[in-house]
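In: missing the sequence, but the structure's below:
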């Protein structure tokens with residue numbers, strides 16, 4: 001009889017103390033702040049909806065990231081052979097080095113398609129490199145143009 005009473009007290013104690021689900025401390029967020037750049041930083045793939053025409057091009061560029069906790073701010077710059085542009089960006093980094101931010105995308109080096117505004121990028125960072133992807137739907141003016149899907153792939157390396 002004494003044994004079952006002590007087991008009941010032990011069971012009651014475990015339930016009252018939260019059982020076996022201890023709270024795990026959160027992992028620290030890595031520092032990804034800095035300048036990232038590459039001659040072929042942006043690979044842009046496009047698909048023209050009205051006739052299925054596809055293609056791709058590369059643009060040089062850079063990203064400058066500032067970090068406060070897990071929040072990211074900064075800007076992106078697009079260069080040759082694409083028309084020069086810059087975009088503000090904002091987003092976040094996770095403890096497992098996941099990146100997400102919103103910024104623009106390059107305007108094609110030829111034709112009348114506009115640059116993307118407010119594209120949502122997602123990807124990862126290592127100690128020296130970032131890799132991200134975004135998709136944007138754009139309506140390009142001009143004869144035979146119309147709706148396009150643009151896929152933006154960023155691969156850039158941290159400057160020393």
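Out: Sure thing, it's come through. Because the structure is predicted, anything quoted here is derived from the model rather than measured.
In: Now the residue nearest to the spatial centre of the chain: which helix or strand?
Out: Nearest to the geometric centre of the chain sits residue 122, at 2.6 Å (C-alpha atoms, centre = their mean). Using DSSP states H and E, residue 122 maps to strand 116-125.
In: Mind listing what's buried along that strand?
Out: 116, 119, 121, 123, 125 (16 or more other C-beta atoms under 10 Å). From N, CA and C alone the C-beta is placed, and that goes for glycine too.
In: again, but for stretch 151-160
Out: 151, 152, 153, 154, 155, 156, 158.
In: Over to stretch 72-88?
Out: Quick answer for stretch 72-88 (16+ other C-beta under 10 Å): 72, 74, 75, 76, 77, 78, 79, 82, 85, 87.
In: Assign the nearest residue to residue 26 once chain neighbours are set aside to helix, strand or coil.
Out: Nearest residue to residue 26, sequence neighbours excluded (C-beta to C-beta, 6 or more residues apart in numbering): residue 95, at 6.8 Å. Classification of residue 95 using DSSP: H, G, I helix; E, B strand; the rest coil returns coil.
In: following the lowest-mean-pLDDT helix or strand in the chain, which helix or strand comes up?
Out: Lowest by mean pLDDT, DSSP states H and E among the helices and strands of the chain is helix 2-16, with a mean of 44. On the C-terminal side of helix 2-16, the nearest following helix or strand under DSSP H and E is strand 34-48.
In: okay, the angle between the helix or strand that comes right after that next one and strand 34-48?
Out: Later in the chain than strand 34-48, the nearest helix or strand by DSSP H and E is strand 54-68. Going by axes from the mean of the first three to the mean of the last three C-alpha atoms, to 10 degrees, strand 54-68 is angled at 150 degrees with respect to strand 34-48.
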